[in-house]
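Chemist: Sequence isn't available, so here's the structure alone:
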């Protein structure tokens, strides 16, 4: 944080006119993503699928979307949900052999999500690059381990973990939606240029967690239930 406001890793909050030009040119991050893309391409059969993860990460951290997350907490929320529900399942393919308890990974993912969305921890992450990357790495890593273990869990355990994840995500979203005050100091002066008050921005973030994000876990649970019940239904069907 400087005397003019919060300066997170993605830079100062842009105005709508500035946004198209706010690409992140961090050379270390660019080299890292290029290296990961090359390793993925060489370690597996040559396929465009190996580039999906690095391309998703580039969209999240190099494109103007990164800068927009400095202005709006709702966009930062979308950023976090894409990490945990989009990029993490892709990364989980490389962690499929990891041992561990699904319950432990589910709890770790939940605790880290709530910690980093506590106002003090969130503000600290947006004022220090090291803490910012710690936030990104722990949210992504815990979610990737969750999805990796989920692939090999029993149907009952998988459905239980998914429903629990849905409920805790929905609860956090509801708390943000119905709060009478805006919690997040880094966005108190950055939302107005985008036509939102800080409270409206927070409420939008809460709705994103409450409905579409929690809905991903619900959809995954229903899919797993369908796979569990499908053999029984097919056996009971008339010839």
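Modeler: Noted; the coordinates are in hand. Given the structure is predicted, the values throughout are model-derived calculations rather than measurements.

Chemist: Kindly report the domain assignment for this structure.
Modeler: Per the record's domain assignment (automatic domain parsing), the chain is made up of the domains 14-70, 72-89+98-229.

Chemist: Where among these is average confidence lowest?
Modeler: When the domains of the chain are compared by mean pLDDT, domain 14-70 comes last with a mean of 84.

Chemist: now what about stretch 22-30, what contacts it?
Modeler: 10-11, 14, 61-64, 66-68 (C-beta atoms under 8 Å, 6 or more residues apart in numbering). Where C-beta positions appear, they are placed from N, C-alpha and C, glycine not excepted.

Chemist: ok so, going back, can you put the domains of the chain in a markdown table and add mean neighbour count?
Modeler: Output for those, formatted as a markdown table (neighbours: other C-beta atoms under 10 Å):
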| stretch | mean neighbour count |
| --- | --- |
| domain 14-70 | 15 |
| domain 72-89+98-229 | 18 |
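
Chemist: Pretty sure residue 219 sits in a helix.
Modeler: Yes - membership of residue 219 in a helix is supported by DSSP: H, G, I helix; E, B strand; the rest coil.

Chemist: Now, the contacts of stretch 22-30 that are in helices?
Modeler: 61, 64, 66-68 (DSSP state H).

Chemist: ok, residue 116 touching residue 139?
Modeler: Yes - applying C-beta atoms under 8 Å, one finds residue 116 in contact with residue 139, separated by 6.4 Å.

Chemist: what do the two both touch?
Modeler: Looking at what touches both residue 116 and residue 139 (by C-beta under 8 Å, 6+ apart), the common residues are residue 80.

Chemist: Save the contacts of stretch 22-30 as CSV, and put in distance to residue 208 too.
Modeler: Formatted as CSV, those follow (distance: C-beta to C-beta, whole Å):
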residue, distance to residue 208
10, 18
11, 23
14, 20
61, 19
62, 22
63, 19
64, 19
66, 17
67, 19
68, 14
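
Chemist: What lies in contact with stretch 164-184?
Modeler: Contacts of stretch 164-184 with the rest of the structure, by C-beta under 8 Å, 6+ apart, involve 73, 106, 109-110, 113-114, 117, 119, 122-123, 146, 188, 197-199, 201-203, 205-211, 213-215, 217-218, 221.
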